[in-house]
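Visitor: quick one, structure for this:
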Amino acid sequence: MKESFNAVPLVSIVIVNFNGSDLLRSSLKSVLSQMYRPIEVIVVDNASVDNSVAMLAERFPDVKVIRCEKNLGYAQGNNVGVRAANGEVILLLNNDAVVDGQMIVELVRTCTTTCAAAVTSKVITEGMPSEFYEMNGSVNYLGYNIMRQFADTTKVFYAGGTSLMFRKNIVGEPFLREYFLYHEDVYLSWRLRLQGLDIRMAPNSIVMHKGNATTKKEASSLITFYQERNRILNLLLLYETITLIKLAPFLMFDVLAKLGNAALSNSKSLPGTLKAYWWLATHSKWLRAQRAKEQAARKVSDEIVLRLMSADVFDESRAPKIVRSLNVCAQFYARLVGLPFLTPEHRTVKK
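Guide: Numbers count the residues shown, from 1 in each chain. Below you'll find the model as predicted:
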(Lines give C-alpha, C1' and ligand atoms only; values in the text may rest on other atoms or scores of the structure.)
Protein backbone atom coordinates (compact mmCIF):
# COMPACT_ATOMS: atom_id res chain seq x y z
CA MET A 1 0.00 0.00 0.00
CA LYS A 2 1.28 3.43 -0.95
CA GLU A 3 1.87 5.78 1.98
CA SER A 4 1.93 9.53 1.37
CA PHE A 5 4.47 11.93 2.77
CA ASN A 6 3.80 15.29 4.28
CA ALA A 7 3.62 17.93 1.53
CA VAL A 8 7.34 18.75 1.85
CA PRO A 9 8.97 16.21 4.16
CA LEU A 10 12.00 16.97 6.26
CA VAL A 11 14.93 14.95 4.88
CA SER A 12 17.58 13.91 7.38
CA ILE A 13 20.92 13.32 5.65
CA VAL A 14 23.19 10.93 7.55
CA ILE A 15 26.88 10.79 6.63
CA VAL A 16 29.24 8.40 8.41
CA ASN A 17 32.85 9.61 8.47
CA PHE A 18 36.13 7.97 9.38
CA ASN A 19 39.30 9.99 8.82
CA GLY A 20 37.84 11.56 5.68
CA SER A 21 38.18 15.29 6.34
CA ASP A 22 38.96 16.34 2.74
CA LEU A 23 36.31 14.06 1.26
CA LEU A 24 33.73 15.21 3.78
CA ARG A 25 34.37 18.88 3.07
CA SER A 26 33.58 18.46 -0.64
CA SER A 27 30.57 16.29 0.08
CA LEU A 28 29.01 18.70 2.56
CA LYS A 29 29.49 21.68 0.24
CA SER A 30 27.45 19.90 -2.41
CA VAL A 31 24.83 18.72 0.09
CA LEU A 32 24.28 22.20 1.51
CA SER A 33 23.92 23.57 -2.02
CA GLN A 34 20.88 21.37 -2.65
CA MET A 35 17.76 23.02 -4.05
CA TYR A 36 15.62 20.92 -1.71
CA ARG A 37 14.53 22.17 1.70
CA PRO A 38 13.93 21.39 4.56
CA ILE A 39 16.94 19.24 5.37
CA GLU A 40 19.00 18.41 8.42
CA VAL A 41 22.54 17.11 8.09
CA ILE A 42 23.98 14.66 10.60
CA VAL A 43 27.61 13.54 10.51
CA VAL A 44 28.46 10.48 12.59
CA ASP A 45 32.21 10.54 13.18
CA ASN A 46 33.66 7.11 13.88
CA ALA A 47 36.47 8.21 16.22
CA SER A 48 38.50 9.90 13.48
CA VAL A 49 42.07 10.84 14.35
CA ASP A 50 42.45 13.38 11.54
CA ASN A 51 41.01 16.92 11.71
CA SER A 52 37.48 15.92 10.67
CA VAL A 53 35.71 17.09 13.83
CA ALA A 54 37.64 20.36 14.03
CA MET A 55 36.95 21.03 10.34
CA LEU A 56 33.23 20.45 10.87
CA ALA A 57 33.10 22.85 13.81
CA GLU A 58 34.95 25.55 11.88
CA ARG A 59 33.38 25.28 8.42
CA PHE A 60 29.99 23.65 8.96
CA PRO A 61 28.70 24.85 12.36
CA ASP A 62 25.06 24.08 11.43
CA VAL A 63 25.79 20.40 10.81
CA LYS A 64 24.89 18.12 13.71
CA VAL A 65 27.95 16.05 14.68
CA ILE A 66 27.78 12.83 16.66
CA ARG A 67 31.21 11.76 17.92
CA CYS A 68 31.63 8.04 18.58
CA GLU A 69 34.19 6.83 21.08
CA LYS A 70 35.26 4.02 18.75
CA ASN A 71 34.87 3.07 15.11
CA LEU A 72 31.38 1.54 14.88
CA GLY A 73 31.69 0.87 11.17
CA TYR A 74 29.37 1.99 8.39
CA ALA A 75 26.42 -0.15 9.47
CA GLN A 76 26.15 0.82 13.13
CA GLY A 77 27.33 4.36 12.42
CA ASN A 78 24.32 4.86 10.18
CA ASN A 79 22.04 3.31 12.79
CA VAL A 80 23.28 5.89 15.29
CA GLY A 81 22.59 8.70 12.83
CA VAL A 82 19.12 7.42 11.97
CA ARG A 83 18.30 7.15 15.66
CA ALA A 84 19.10 10.85 16.09
CA ALA A 85 17.31 11.98 12.92
CA ASN A 86 14.12 14.04 13.06
CA GLY A 87 13.18 13.61 9.42
CA GLU A 88 10.28 11.62 8.02
CA VAL A 89 12.67 10.64 5.25
CA ILE A 90 16.27 9.45 5.73
CA LEU A 91 19.06 9.81 3.18
CA LEU A 92 22.23 7.81 3.82
CA LEU A 93 25.16 9.30 1.92
CA ASN A 94 28.81 8.30 1.65
CA ASN A 95 31.36 10.84 2.76
CA ASP A 96 33.12 10.60 -0.63
CA ALA A 97 29.96 11.43 -2.61
CA VAL A 98 29.47 14.79 -4.35
CA VAL A 99 25.86 15.36 -5.31
CA ASP A 100 24.01 17.20 -8.05
CA GLY A 101 21.90 20.19 -7.02
CA GLN A 102 18.62 18.40 -7.83
CA MET A 103 19.68 15.10 -6.28
CA ILE A 104 17.36 15.14 -3.25
CA VAL A 105 14.49 16.67 -5.23
CA GLU A 106 14.59 13.71 -7.60
CA LEU A 107 14.84 11.15 -4.80
CA VAL A 108 11.86 12.61 -2.96
CA ARG A 109 9.87 12.80 -6.21
CA THR A 110 10.45 9.10 -6.81
CA CYS A 111 9.48 8.28 -3.22
CA THR A 112 6.26 10.24 -3.52
CA THR A 113 5.21 8.94 -6.95
CA THR A 114 5.96 5.24 -6.44
CA CYS A 115 5.32 2.62 -3.81
CA ALA A 116 9.06 2.17 -3.25
CA ALA A 117 10.21 1.73 0.35
CA ALA A 118 13.76 2.71 -0.63
CA VAL A 119 15.22 4.71 -3.50
CA THR A 120 18.78 5.09 -4.73
CA SER A 121 20.52 7.64 -6.94
CA LYS A 122 22.36 7.11 -10.19
CA VAL A 123 25.88 6.85 -8.81
CA ILE A 124 28.70 7.70 -11.23
CA THR A 125 31.75 5.95 -9.80
CA GLU A 126 35.20 7.17 -10.72
CA GLY A 127 36.82 4.88 -13.30
CA MET A 128 33.67 2.91 -14.15
CA PRO A 129 33.05 2.56 -17.94
CA SER A 130 30.12 4.61 -19.24
CA GLU A 131 28.43 1.53 -20.76
CA PHE A 132 27.57 0.33 -17.24
CA TYR A 133 25.24 3.30 -16.79
CA GLU A 134 23.14 2.47 -19.85
CA MET A 135 21.45 -0.35 -17.94
CA ASN A 136 21.17 -1.18 -14.25
CA GLY A 137 22.64 -4.31 -12.72
CA SER A 138 21.38 -6.91 -10.29
CA VAL A 139 23.01 -9.64 -8.19
CA ASN A 140 23.31 -13.35 -8.82
CA TYR A 141 22.26 -16.19 -6.51
CA LEU A 142 25.56 -15.84 -4.63
CA GLY A 143 25.24 -12.10 -4.06
CA TYR A 144 27.80 -10.95 -6.63
CA ASN A 145 27.02 -7.97 -8.86
CA ILE A 146 25.94 -8.79 -12.40
CA MET A 147 25.92 -5.77 -14.69
CA ARG A 148 23.51 -4.70 -17.45
CA GLN A 149 20.29 -6.48 -16.48
CA PHE A 150 17.57 -3.79 -16.43
CA ALA A 151 17.02 -1.59 -19.49
CA ASP A 152 14.47 0.37 -17.46
CA THR A 153 16.83 2.48 -15.34
CA THR A 154 14.26 2.95 -12.60
CA LYS A 155 14.63 -0.76 -11.81
CA VAL A 156 17.28 -2.16 -9.45
CA PHE A 157 17.57 -5.18 -7.19
CA TYR A 158 19.01 -3.18 -4.31
CA ALA A 159 19.52 0.44 -3.34
CA GLY A 160 23.23 1.15 -3.08
CA GLY A 161 24.49 2.59 0.19
CA THR A 162 26.35 5.44 -1.52
CA SER A 163 23.02 7.28 -1.75
CA LEU A 164 20.08 5.51 -0.13
CA MET A 165 16.78 7.14 0.78
CA PHE A 166 14.04 5.43 2.77
CA ARG A 167 11.00 6.11 4.90
CA LYS A 168 11.93 6.02 8.56
CA ASN A 169 8.55 4.70 9.69
CA ILE A 170 8.95 1.65 7.43
CA VAL A 171 12.63 0.84 7.87
CA GLY A 172 13.67 2.23 11.25
CA GLU A 173 17.33 1.47 11.95
CA PRO A 174 18.43 -0.01 8.64
CA PHE A 175 21.33 -2.36 9.34
CA LEU A 176 22.59 -5.12 11.60
CA ARG A 177 25.59 -3.77 13.51
CA GLU A 178 27.42 -7.07 12.95
CA TYR A 179 27.87 -6.20 9.25
CA PHE A 180 30.20 -3.30 10.11
CA LEU A 181 30.75 -2.48 6.42
CA TYR A 182 30.01 -3.99 2.99
CA HIS A 183 26.85 -5.70 1.70
CA GLU A 184 24.66 -4.04 4.31
CA ASP A 185 22.80 -2.22 1.53
CA VAL A 186 22.03 -5.53 -0.18
CA TYR A 187 20.87 -6.91 3.18
CA LEU A 188 18.46 -4.01 3.72
CA SER A 189 17.00 -4.09 0.22
CA TRP A 190 16.67 -7.87 0.20
CA ARG A 191 14.80 -7.76 3.54
CA LEU A 192 12.45 -5.10 2.20
CA ARG A 193 11.75 -7.22 -0.87
CA LEU A 194 10.95 -10.22 1.35
CA GLN A 195 8.33 -7.99 2.96
CA GLY A 196 6.78 -7.41 -0.46
CA LEU A 197 8.15 -3.87 -0.81
CA ASP A 198 9.76 -2.30 -3.87
CA ILE A 199 13.17 -0.68 -4.45
CA ARG A 200 13.72 1.93 -7.14
CA MET A 201 16.36 4.16 -8.71
CA ALA A 202 15.81 7.85 -9.45
CA PRO A 203 17.87 8.14 -12.69
CA ASN A 204 17.92 11.94 -12.59
CA SER A 205 19.32 12.00 -9.05
CA ILE A 206 23.05 12.16 -9.82
CA VAL A 207 25.90 11.40 -7.41
CA MET A 208 29.60 11.46 -8.24
CA HIS A 209 31.44 8.84 -6.19
CA LYS A 210 35.15 8.24 -5.69
CA GLY A 211 34.57 4.64 -4.62
CA ASN A 212 36.24 3.00 -1.61
CA ALA A 213 38.02 6.26 -0.83
CA THR A 214 37.86 5.56 2.90
CA THR A 215 38.19 1.78 3.04
CA LYS A 216 41.14 1.57 0.63
CA LYS A 217 43.32 2.79 3.51
CA GLU A 218 42.49 -0.35 5.48
CA ALA A 219 44.34 -3.69 5.28
CA SER A 220 43.21 -5.78 2.31
CA SER A 221 42.72 -8.89 4.46
CA LEU A 222 40.25 -6.99 6.68
CA ILE A 223 38.34 -5.74 3.65
CA THR A 224 38.22 -9.27 2.23
CA PHE A 225 36.91 -10.57 5.54
CA TYR A 226 33.94 -8.21 5.63
CA GLN A 227 33.18 -8.55 1.92
CA GLU A 228 33.18 -12.35 1.96
CA ARG A 229 31.54 -12.87 5.34
CA ASN A 230 28.74 -10.37 4.78
CA ARG A 231 27.96 -11.61 1.29
CA ILE A 232 27.50 -15.13 2.67
CA LEU A 233 25.59 -13.80 5.68
CA ASN A 234 22.97 -12.42 3.31
CA LEU A 235 22.50 -15.87 1.78
CA LEU A 236 22.36 -17.73 5.09
CA LEU A 237 19.99 -15.28 6.76
CA LEU A 238 17.60 -14.46 3.94
CA TYR A 239 17.12 -17.53 1.75
CA GLU A 240 14.51 -20.16 2.60
CA THR A 241 15.92 -23.55 3.56
CA ILE A 242 14.78 -25.23 0.34
CA THR A 243 16.51 -22.52 -1.69
CA LEU A 244 19.79 -23.04 0.18
CA ILE A 245 19.55 -26.78 -0.53
CA LYS A 246 18.99 -26.17 -4.25
CA LEU A 247 21.87 -23.68 -4.30
CA ALA A 248 24.32 -26.06 -2.60
CA PRO A 249 26.31 -26.73 -5.84
CA PHE A 250 26.65 -22.97 -6.43
CA LEU A 251 27.83 -22.43 -2.87
CA MET A 252 30.38 -25.27 -2.92
CA PHE A 253 31.75 -24.15 -6.29
CA ASP A 254 32.05 -20.59 -5.01
CA VAL A 255 33.92 -21.53 -1.81
CA LEU A 256 36.37 -23.78 -3.64
CA ALA A 257 36.95 -21.23 -6.40
CA LYS A 258 37.44 -18.41 -3.88
CA LEU A 259 39.96 -20.39 -1.81
CA GLY A 260 41.80 -21.66 -4.87
CA ASN A 261 42.08 -18.24 -6.44
CA ALA A 262 43.26 -16.65 -3.18
CA ALA A 263 45.88 -19.37 -2.66
CA LEU A 264 47.24 -19.29 -6.22
CA SER A 265 47.26 -15.53 -6.74
CA ASN A 266 49.74 -14.81 -3.93
CA SER A 267 47.38 -12.09 -2.74
CA LYS A 268 46.62 -11.01 0.80
CA SER A 269 43.01 -12.12 0.41
CA LEU A 270 43.50 -15.70 1.66
CA PRO A 271 43.77 -14.79 5.40
CA GLY A 272 40.65 -12.63 5.13
CA THR A 273 38.73 -15.34 3.29
CA LEU A 274 39.67 -18.00 5.84
CA LYS A 275 38.78 -15.63 8.69
CA ALA A 276 35.34 -15.07 7.12
CA TYR A 277 34.60 -18.79 6.96
CA TRP A 278 35.90 -19.30 10.50
CA TRP A 279 33.62 -16.54 11.80
CA LEU A 280 30.61 -18.16 10.15
CA ALA A 281 31.53 -21.55 11.58
CA THR A 282 31.98 -20.23 15.13
CA HIS A 283 28.86 -18.04 15.29
CA SER A 284 26.26 -20.68 14.54
CA LYS A 285 24.13 -19.75 17.56
CA TRP A 286 23.86 -16.11 16.48
CA LEU A 287 23.22 -17.19 12.89
CA ARG A 288 20.35 -19.47 13.87
CA ALA A 289 18.72 -16.83 16.07
CA GLN A 290 19.03 -14.05 13.49
CA ARG A 291 17.89 -16.32 10.66
CA ALA A 292 14.77 -17.22 12.65
CA LYS A 293 13.95 -13.50 13.00
CA GLU A 294 14.47 -12.81 9.30
CA GLN A 295 12.39 -15.77 8.19
CA ALA A 296 9.57 -14.89 10.59
CA ALA A 297 9.41 -11.36 9.13
CA ARG A 298 9.10 -12.41 5.50
CA LYS A 299 5.81 -12.00 3.65
CA VAL A 300 6.73 -13.35 0.22
CA SER A 301 8.51 -16.48 -0.96
CA ASP A 302 11.97 -16.67 -2.49
CA GLU A 303 10.34 -17.34 -5.85
CA ILE A 304 9.29 -13.68 -6.07
CA VAL A 305 12.72 -12.30 -5.17
CA LEU A 306 14.72 -14.76 -7.29
CA ARG A 307 13.00 -13.43 -10.40
CA LEU A 308 15.02 -10.26 -9.89
CA MET A 309 18.34 -12.11 -9.49
CA SER A 310 20.65 -13.62 -12.11
CA ALA A 311 21.52 -17.30 -12.37
CA ASP A 312 24.86 -16.44 -14.00
CA VAL A 313 27.95 -17.48 -12.10
CA PHE A 314 30.11 -14.79 -13.72
CA ASP A 315 29.45 -11.26 -14.91
CA GLU A 316 29.92 -11.58 -18.66
CA SER A 317 30.64 -7.87 -19.02
CA ARG A 318 33.84 -8.32 -16.99
CA ALA A 319 34.97 -11.84 -17.82
CA PRO A 320 36.24 -13.68 -20.96
CA LYS A 321 33.67 -15.06 -23.39
CA ILE A 322 34.54 -18.61 -22.34
CA VAL A 323 32.64 -18.10 -19.08
CA ARG A 324 29.38 -17.91 -21.00
CA SER A 325 29.33 -21.69 -21.23
CA LEU A 326 29.50 -21.88 -17.43
CA ASN A 327 26.65 -19.43 -17.19
CA VAL A 328 24.60 -21.54 -19.59
CA CYS A 329 25.25 -24.57 -17.38
CA ALA A 330 24.21 -22.59 -14.29
CA GLN A 331 20.99 -21.51 -15.99
CA PHE A 332 20.26 -25.09 -17.03
CA TYR A 333 20.72 -26.31 -13.45
CA ALA A 334 18.48 -23.51 -12.14
CA ARG A 335 15.70 -24.56 -14.50
CA LEU A 336 16.24 -28.22 -13.60
CA VAL A 337 15.72 -27.64 -9.86
CA GLY A 338 13.05 -24.98 -10.27
CA LEU A 339 14.96 -21.82 -9.32
CA PRO A 340 13.53 -18.73 -11.07
CA PHE A 341 15.97 -16.13 -12.36
CA LEU A 342 16.07 -12.79 -14.12
CA THR A 343 16.32 -12.74 -17.89
CA PRO A 344 18.02 -9.47 -18.90
CA GLU A 345 15.54 -7.10 -20.47
CA HIS A 346 17.94 -6.45 -23.37
CA ARG A 347 21.37 -7.82 -24.14
CA THR A 348 22.26 -4.60 -25.95
CA VAL A 349 20.94 -1.09 -25.79
CA LYS A 350 19.93 0.52 -29.05
CA LYS A 351 21.83 3.72 -29.69
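
Visitor: what's the average pLDDT for stretch 243-252?
Guide: For stretch 243-252, mean pLDDT is 97.

Visitor: for stretch 105-116, that is, sorry about that
Guide: Computed over stretch 105-116, the average pLDDT equals 92.

Visitor: do the same with stretch 22-37
Guide: 96.

Visitor: now the most far-flung residue of the chain relative to its centre, what's its secondary structure?
Guide: Most distant residue from the mean C-alpha position of the chain: Glu58, 32.0 Å away (CA atoms, centre = their mean). Following DSSP: H, G, I helix; E, B strand; the rest coil, we place Glu58 in the helix state.

Visitor: Phe157 now?
Guide: What three-state DSSP gives for Phe157 is coil.

Visitor: for the nearest residue to it once chain neighbours are set aside, give the beta-bridge partners.
Guide: Leaving aside its sequence neighbours, Phe157 sits nearest to Ser138 (CB to CB, 6 or more residues apart in numbering; 4.2 Å). Where C-beta positions appear, they are placed from N, C-alpha and C, glycine not excepted. With DSSP bridges as the criterion, Ser138 is bridged to Ile146.

Visitor: how much space separates Ser138 from Arg193?
Guide: 12 Å (CB to CB, to the nearest Å).

Visitor: domains in this protein, by residue range?
Guide: As assigned by automatic domain parsing, the chain contains the domains 11-215, 218-337.

Visitor: distance from the longest one to the middle of the chain?
Guide: Read it as domain 11-215. On the basis of CA atoms, centre = their mean, to the nearest Å, domain 11-215 sits 9 Å off its chain's mean C-alpha point.

Visitor: picking up where we left off before, most tightly packed of the domains of the chain?
Guide: domain 11-215 (a mean of 19; mean count of other CB atoms under 10 Å).

Visitor: on the three-state scheme, Tyr333 is what?
Guide: Using three-state DSSP, the structure places Tyr333 in helix.

Visitor: who's in contact with it?
Guide: Contacts for Tyr333 (CB atoms under 8 Å, 6 or more residues apart in numbering) come out as Pro249.

Visitor: quick one, strands of the stretch 101-250 of the chain?
Guide: 116-125, 136-139, 145-150, 163-167, 198-209 (DSSP state E, counting those that start in this stretch).

Visitor: on that earlier part again, how close does the residue nearest to Phe157 sit to Val186?
Guide: Distance from Ser138 to Val186, counting by CB to CB: 11 Å.

Visitor: what stretches of the chain score poorly on pLDDT?
Guide: 1-6, 211-219, 266, 346-351 (pLDDT under 70).

Visitor: pick out the residue closest to the middle of it.
Guide: Asp185 (2.7 Å).

Visitor: okay but it is in contact with Ser163, surely?
Guide: No - contact between Asp185 and Ser163 fails when scored by CB atoms under 8 Å: they sit 10.1 Å apart.

Visitor: find the nearest non-adjacent residue to Gly172, please.
Guide: Nearest one to Gly172, counting by CB to CB, 6+ apart, is Val82 at 7.5 Å.

Visitor: among the strands of the stretch 101-250 of the chain, which is nearest Glu106?
Guide: Closest of the strands of the stretch 101-250 of the chain to Glu106 is strand 198-209, at 3.7 Å (criterion: CB to CB).

Visitor: and the closest one with strand 116-125, angle?
Guide: Interaxial angle, strand 198-209 versus strand 116-125 (axes from the mean of the first three to the mean of the last three CA atoms, to 10 degrees): 30 degrees.

Visitor: quick one: work out the angle between strand 198-209 and strand 145-150.
Guide: Using the same axes, to 10 degrees, strand 198-209 lies at 110 degrees relative to strand 145-150.

Visitor: elements contacting strand 198-209?
Guide: strand 97-99, helix 103-113, strand 116-125, helix 184-194 (3 or more CB pairs under 8 Å, 6 or more residues apart in numbering; DSSP states H and E).

Visitor: now those in TSV, with distance to Leu91?
Guide: Compiled in TSV, these are given as follows (distance: least, CB to CB, whole Å):
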stretch	distance to Leu91
strand 97-99	10
helix 103-113	7
strand 116-125	9
helix 184-194	13
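
Visitor: any idea which of the ones you listed gets closest to Ser269?
Guide: helix 184-194 (20.0 Å).

Visitor: name the surrounding residues that touch that closest one.
Guide: Contacts of helix 184-194 (CB under 8 Å, 6+ apart): 74-75, 117-118, 139, 143, 157-161, 164, 166, 170-171, 174-176, 179, 198-199, 230-231, 233-234, 237-238, 294, 297-300, 304-305, 308.

Visitor: let's see that with 7 Å instead.
Guide: Helix 184-194 is contacted by residues 74-75, 117-118, 139, 143, 157-161, 164, 174-176, 179, 199, 230, 234, 238, 294, 298-300, 305 when judged by CB atoms under 7 Å, 6 or more residues apart in numbering.

Visitor: scan this protein for its longest helix.
Guide: Counting residues, the longest helix in the chain under DSSP state H turns out to be helix 220-238.
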